[in-house]
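In: Next input, structure requested:
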Amino acid sequence: MGSVKSGSVYIVAGSKPWNRRVFDEVITKLPGEWHFIGSPQELTLENVKKINPRYIFFLHWSWKVPPDIINKYECICFHMTDVPYGRGGSPLQNLIVRGHRHTKLTALRMTEELDAGPVYFKEDLCLEGNAEEIYIRATYLAARMIRRIIEERPEPQPQTGEVVIFKRRKPHQSRIPELPNLQALYYFIRMLDAEGYPKAFIEYAGFRYEFSRAALYNGRIIADVKITPIEEREEA
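Out: Next up, the predicted model:
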């Protein structure tokens, strides 16, 4: 592939199926030439140089971006908190478990320090629904924010305020803990209900029960339950 003049060429990186869907449905209709990267193996300096993008947008990306790409190209991610509050991992789950029902989707320039870069702007994001619904909602919102960025080319501004760091959640933290009420249980189930995420679960009498598609009404929760035997782990 020959060199392309920078300025109207863009890369969008995303690891989830809804990222690709929104890219195909919405982002490719925006002005410019668009390229999609769906895996860290594709995201190499050599490949990026061939495209020579004005911006690289990261919709949902769980891997460290190589510093040689961050330092050479304007990389923008969309973080689901009102930074500097909520820098770090698992922002959606950490917000819901803390009782938040609304947040900001922040477009920020990526730096080698995680989620610490300057901010282009923020938009309101509702946290109702299950995790996958929220992620899809956030991706469509990010597409609208991308349009604004390529049209206005704003200068990002440094973050201000108290820094609060979120820790990335581990799979074992999806085990349902003791909770104070039915609403808290519903929130716990819904915040983990997305493709590729460990569902809320309990283990009882040799079986594992995983909960999804929860609905709370009339003082009860209706949900789908997947039941599988607990596999015995061999002694190390």
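In: send the alpha carbons of stretch 157-165 over as CSV?
Out: In CSV, the C-alpha atoms belonging to stretch 157-165 read as follows (Å, rounded to 0.1, in the frame of the first residue of the first chain):
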residue,chain,number,x,y,z
GLN,A,157,-6.9,20.6,27.7
PRO,A,158,-5.0,19.2,30.8
GLN,A,159,-7.1,17.4,33.4
THR,A,160,-8.0,19.2,36.6
GLY,A,161,-9.3,18.0,39.9
GLU,A,162,-8.7,15.1,42.3
VAL,A,163,-7.3,11.9,40.8
VAL,A,164,-9.3,8.8,41.7
ILE,A,165,-7.9,5.5,40.3
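In: which other residues reach that stretch?
Out: Contact with stretch 157-165 is made by Val83, Pro84, Tyr85, Gly86, Arg87, Gly88, Leu108, Ala116, Gly117, Pro118, Val119, as judged by Cβ atoms under 8 Å, 6 or more residues apart in numbering. In this view, the C-beta of every residue, glycine as well, is placed from N, C-alpha and C.
In: what does stretch 93-101 give?
Out: For stretch 93-101, contacts defined as Cβ under 8 Å, 6+ apart pick out 80-81, 86, 88, 103, 126-128, 131, 166-167, 169, 187-188, 190-192.
In: Export the contacts of stretch 157-165 to JSON lines and append columns for pLDDT and neighbour count.
Out: What follows is those, written out as JSON lines (pLDDT from 0 to 100; neighbours: other Cβ atoms under 10 Å):
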{"residue": "Val83", "pLDDT": "97", "neighbour count": "23"}
{"residue": "Pro84", "pLDDT": "97", "neighbour count": "18"}
{"residue": "Tyr85", "pLDDT": "97", "neighbour count": "19"}
{"residue": "Gly86", "pLDDT": "95", "neighbour count": "25"}
{"residue": "Arg87", "pLDDT": "96", "neighbour count": "19"}
{"residue": "Gly88", "pLDDT": "93", "neighbour count": "17"}
{"residue": "Leu108", "pLDDT": "97", "neighbour count": "23"}
{"residue": "Ala116", "pLDDT": "94", "neighbour count": "16"}
{"residue": "Gly117", "pLDDT": "96", "neighbour count": "22"}
{"residue": "Pro118", "pLDDT": "98", "neighbour count": "12"}
{"residue": "Val119", "pLDDT": "98", "neighbour count": "20"}
